[in-house]
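Asker: Generate a structure from the sequence data that follows.
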Amino acid sequence: SEIDEDYLSLHNNRPQISSIVPAYVNNDDVIVTCYGAFFTNHRRTMCIFGDGIFVSARFISSTEIQCHIPKILPGPLVVESINGDSKLVSRDGEKVIFLPDASFNYLKPSFGPIIGNTALHVYGIFPIYNVDAAEASVLCGFDGVE
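Answerer: Alright, predicted model coming up:
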């Protein structure tokens, strides 16, 4: 019988990742979308984070898969893909940057007049996700009011 050439092309080529969206993530159960070529619809198609954290991929098309990010320490990490049926692994994966979760340390001053209008300095870690520093801001809420 004649074998479909598209099938052979997908199953005999190494998967390629050309971009990942979003490129900056934290550990809040984010799904990354990998765009590229030669992804296959197989139960063992996976994303590989770093040196060997394997996560099952959701097949969207031969050019798109999605993976939940694993819990991992902040920093840059290369993501590769493996086509489960052929066991071919992508070579030049894309980088995703894991940012630390926001954390609040303290306010200065720690008190002010009841009528408000007191400028506060908020100290902690507040990662900014891929925006210009001029546009970056942190929103504070006090007693349900932002």
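
Asker: Tell me the spatial nearest neighbour of Ile97, not counting adjacent residues.
Answerer: Tyr24 (4.9 Å; C-beta to C-beta, 6 or more residues apart in numbering). Glycine gets a C-beta too; all of them are placed from N, C-alpha and C.

Asker: Kindly tell me how buried that neighbour is, as a neighbour count.
Answerer: Other residues within reach of Tyr24, judged by other C-beta atoms under 10 Å, total 14.

Asker: Quick check, pLDDT for it.
Answerer: Tyr24 carries a pLDDT value of 80.

Asker: and what of Ile115?
Answerer: 79.

Asker: can you give me the helices for the chain?
Answerer: Here the chain has its helices, by DSSP state H, at 5-12.

Asker: show me where it has strands.
Answerer: 16-21, 24-25, 31-37, 46-49, 53-56, 58-61, 64-68, 75-83, 88-89, 94-98, 103-108, 121-125 (DSSP state E).

Asker: So what are the sheet partners of the fifth one and their directions?
Answerer: Right, strand 53-56. Its sheet considered, strand 53-56 pairs with strand 46-49 (antiparallel) by DSSP bridges.

Asker: and the strand it pairs with, what's its mean pLDDT?
Answerer: 90.

Asker: Format the CA atom coordinates belonging to that strand as CSV.
Answerer: Taking C-alpha atoms only, strand 46-49 is exported to CSV below (Å, rounded to 0.1, in the frame of the first residue of the first chain):
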residue,chain,number,x,y,z
MET,A,46,6.6,15.8,25.2
CYS,A,47,8.3,19.0,26.1
ILE,A,48,11.7,18.7,27.8
PHE,A,49,12.5,21.4,30.2
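
Asker: Can you give me the buried ones in it?
Answerer: 46-49 (16 or more other C-beta atoms under 10 Å).

Asker: For those, give me a markdown table that also has distance to Gly36.
Answerer: Below are the buried residues of strand 46-49 laid out as a markdown table (distance: C-beta to C-beta, whole Å):
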| residue | distance to Gly36 |
| --- | --- |
| Met46 | 14 |
| Cys47 | 11 |
| Ile48 | 13 |
| Phe49 | 16 |
